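Participant: Build the 3D model from these lines:
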Amino acid sequence: MSSSDTHTAPGWEMREKPPLLFRRFDFDGYPATRAFLDTLEGLSKETGYYPDLGFASKPVNVTIQARDGNALTAADYAFAARVTALIATP
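Facilitator: Numbers count the residues shown, from 1 in each chain. All right, here's what the predicted structure looks like:
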């Protein structure tokens, strides 16, 4: 991300090589984890973004690769914000 880029993803870790956003979400148990994953599936189908996932009964690791492979864009950050919003959705 260039110094002139003002995009942010609160709660997400930005990595430059390769360019990606990473966040770990922790849930109370598998039912909550599964509900999050099911909702994320719907968001992915809607947006065409399919993040890399790693999960167990309580944690879910979400990695959003730069869509163009070269640099994170506003669309990548917007998707990250929408993923974060899923945890606030009943």
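Participant: going forward, measure contacts and count neighbours with C-alpha atoms only.
Facilitator: Noted.
Participant: Okay, the residue nearest the centre of the chain and Tyr30: tell me how far apart.
Facilitator: Among the residues of the chain, the one closest to the centroid is Ala80, at 4.3 Å (C-alpha atoms, centre = their mean). Using C-alpha to C-alpha, to the nearest Å, Ala80 is found at 22 Å from Tyr30.
Participant: got it, and Ala56?
Facilitator: 8 Å.
Participant: so for the helix of greatest length in the chain, what's the average pLDDT?
Facilitator: Taking DSSP state H as the criterion, the chain has its longest helix at helix 30-47. If you average the pLDDT over helix 30-47, you get 97.
Participant: Stretch 80-90 now?
Facilitator: 86.
Participant: From here on, call the first residue 5.
Facilitator: Noted, 5 is the first residue going forward, which turns the last one into stretch 84-94.
Participant: about what we covered before: quick one: the residue nearest to the centre of the chain and Ile68 touch, right?
Facilitator: Yes: here Ala84 lies in contact with Ile68, judged by C-alpha atoms under 8 Å, at a distance of 7.4 Å.
Participant: Overlap of the contact sets of the two?
Facilitator: The contact sets of Ala84 and Ile68 overlap at Leu25 (C-alpha atoms under 8 Å, 6 or more residues apart in numbering).
Participant: mind checking how far Pro23 is from Phe40?
Facilitator: 25 Å.
Participant: nope, Arg71 is what I was after
Facilitator: 22 Å.
Participant: just Tyr81 next, same as before
Facilitator: 19 Å.
Participant: Go ahead and confirm Gly73 touches Glu20.
Facilitator: No: counting by C-alpha under 8 Å, Gly73 does not reach Glu20; the two are 10.7 Å apart.
Participant: before we move on, the earlier item: give the partner strands of the next helix or strand along the chain from the longest helix of the chain in its sheet and their orientations.
Facilitator: Under the assignment DSSP states H and E, the closest C-terminal helix or strand after helix 34-51 is strand 56-59. Taking DSSP bridges as the criterion, strand 56-59 forms sheet pairs with strand 63-69 (antiparallel).
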